[in-house]
Structure formats: C-alpha cells, structure tokens
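Visitor: Model the following, please.
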Amino acid sequence: MWNYKTPGIPDELFERDNKVPITKEEVRTIQLSKARLTPGQTVFDIGCGSGSISIEAAFQIESSGKVFSIDYDSNAIELTKKNIDKFGVSNVSVIFGNAKEKILELEEADAIFIGGTGGDTKEIVELSQNKLRSGGRIVIGIILIETLYSVLSILDKLPFDSVDITQVTISKSRKTTKGTMMLARNPVTIISATKA
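Guide: Just a heads-up that it's a prediction; the model follows:
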C-alpha cells in the first residue's frame, strides 16, 4: 500500500473516524524525523488515535523492530487495528487501556511518541523517561498551551538533553469555484528530546 521509504502517507489513505483524531500528514513527518528511527528499534505510540504514527514508525523500523500502540479509547483501538490491516504491517501490537498503567508492563523503548493523552501528558512524560533507553528519543505533539507549559516544566527536572521545541502551522489547499484557497490547520508544538 505504501511503497516508499519516506514518511508522509496522505491522510486520505488511512481509515478515518470523526470521533478519533489523526496526526496530520505534515505534522506526522516532522514528528517521525524528530524521533530519528532506525531498523530494529522498539517504539511506543502513546495516545495512538488512528494509528497513523504507529503505521509510519512500523515502516521506518522495518520488520526487525516493534511498535506498541496504546490508547484508552476503544474507537481508537479499533481504528488503529483497521489501519494495521490496511497497510499490512505485522510489527505493531495494539494495547487498550490507560497508558500510565500499560507502559509499566512494556520493555524499554528506543523512541516514544506522546499525543492525545486526555490531559495527563506531564505524568506520562515522567513515566516514559523510566522506560526510555539511554540515548532514546521522546517526541510529544501538543496543541494546548497549558500542556506545553506542564511538559516543559517537567522536562527541566528529568534527565533529557537536546530539547527542541518546534511549532508547526500548516495550510492546505482547497479548490473552490473561483480558484484555490489555503485553509489553515491548528498550530501544533512538537517537543523532542534525548534521554541523557
């Protein structure tokens, strides 16, 4: 289904559901690049939503690696499973439940993506740093200013370095009867860091 090495699967190729968020194509490619994935790695996708990051990460780490996709929303879990089947990836395990409990049961990770966590992102970042290998990467997608503040405050106290903050504002074209217009999407702040 996706025959390219580069990330950036178009959003319309994923199975979608209005109740389940998707990390949009352009933001997803930036998040994936910030994770610096290589074949054979172990990746967590916390708050996996539609599974778009899980699918793209699975391609990047190849069949020798593994992705653990976690979400507390049963709709997200079902949608992620549909997308796993659609894209034919076999190295993704889907886990239903509270990430704060589930990540404690998992092995160490080389990269952890954190998105749509339902308001407890700070606590998940704290727990994640214990499950991240030394030199591992954490990538957090944030929409709310309050979440940004809480994550930055906790990262200051944890053993992370090379902290990078990137804000992305994307506009996409849409044809109208008179021409093409650009429609802005919500800005997303991406925080990435390396475990010291």
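Visitor: same for whichever strand or helix holds residue 67, what does it pack against?
Guide: Using DSSP states H and E, residue 67 falls within strand 66-71. Strand 66-71 sits against strand 42-46, helix 52-61, helix 74-87, strand 92-96, helix 99-102, with contacts defined as 3 or more CB pairs under 8 Å, 6 or more residues apart in numbering; DSSP states H and E. Where you see a C-beta, it was placed from the backbone N, CA and C, and this is true even at glycine.
Visitor: what is the rounded mean pLDDT of it?
Guide: When pLDDT is averaged over strand 66-71, the result is 98.
Visitor: Run through the chain and note the low-pLDDT ranges.
Guide: 116-118 (pLDDT under 70).
Visitor: where along it do the strands fall?
Guide: Counting by DSSP state E, the chain has strands at residues 42-46, 66-71, 92-96, 109-114, 132-142, 160-168, 171-175, 180-184, 188-195.
Visitor: between the helices and strands packed on strand 66-71, which one is nearest to residue 24?
Guide: helix 52-61 (8.3 Å; CB to CB).
Visitor: Other residues contacting the closest one?
Guide: For helix 52-61, the external contacting residues (CB atoms under 8 Å, 6 or more residues apart in numbering) are 2, 5, 7, 9, 11, 14, 22-23, 28, 31-32, 35, 37-43, 45, 48, 65, 67, 69, 80, 83-84, 87, 89, 91-92, 111, 113, 115.
Visitor: residues near residue 75, how many?
Guide: 14 (other CB atoms under 10 Å).
Visitor: so it sits right up against residue 18, yeah?
Guide: No: under the criterion of CB atoms under 8 Å, residue 75 makes no contact with residue 18, lying 9.8 Å away.
Visitor: For the residue nearest to residue 141 when sequence neighbours are not counted, give me its contacts.
Guide: Closest residue to residue 141 apart from its sequence neighbours, by CB to CB, 6 or more residues apart in numbering: residue 115 at 4.5 Å. By CB under 8 Å, 6+ apart, the contact set of residue 115 is 21, 23, 45-49, 53, 140-141.
Visitor: Looking at those residues, spot the one nearest residue 179.
Guide: Closest to residue 179, out of all of the contacts of residue 115 and judged by CB to CB, is residue 23, at 29.3 Å.
Visitor: coming back round to it: distance to residue 152 added to the strands of the chain, as CSV?
Guide: Output for these, formatted as CSV (distance: least, CB to CB, whole Å):
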stretch, distance to residue 152
strand 42-46, 18
strand 66-71, 23
strand 92-96, 28
strand 109-114, 14
strand 132-142, 10
strand 160-168, 8
strand 171-175, 26
strand 180-184, 25
strand 188-195, 7
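Visitor: so can I have JSON lines of those strands showing distance to residue 151 and mean neighbour count?
Guide: Below are these laid out as JSON lines (distance: least, CB to CB, whole Å; neighbours: other CB atoms under 10 Å):
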{"stretch": "strand 42-46", "distance to residue 151": "13", "mean neighbour count": "27"}
{"stretch": "strand 66-71", "distance to residue 151": "18", "mean neighbour count": "26"}
{"stretch": "strand 92-96", "distance to residue 151": "22", "mean neighbour count": "18"}
{"stretch": "strand 109-114", "distance to residue 151": "9", "mean neighbour count": "25"}
{"stretch": "strand 132-142", "distance to residue 151": "6", "mean neighbour count": "21"}
{"stretch": "strand 160-168", "distance to residue 151": "10", "mean neighbour count": "13"}
{"stretch": "strand 171-175", "distance to residue 151": "26", "mean neighbour count": "10"}
{"stretch": "strand 180-184", "distance to residue 151": "24", "mean neighbour count": "9"}
{"stretch": "strand 188-195", "distance to residue 151": "6", "mean neighbour count": "21"}
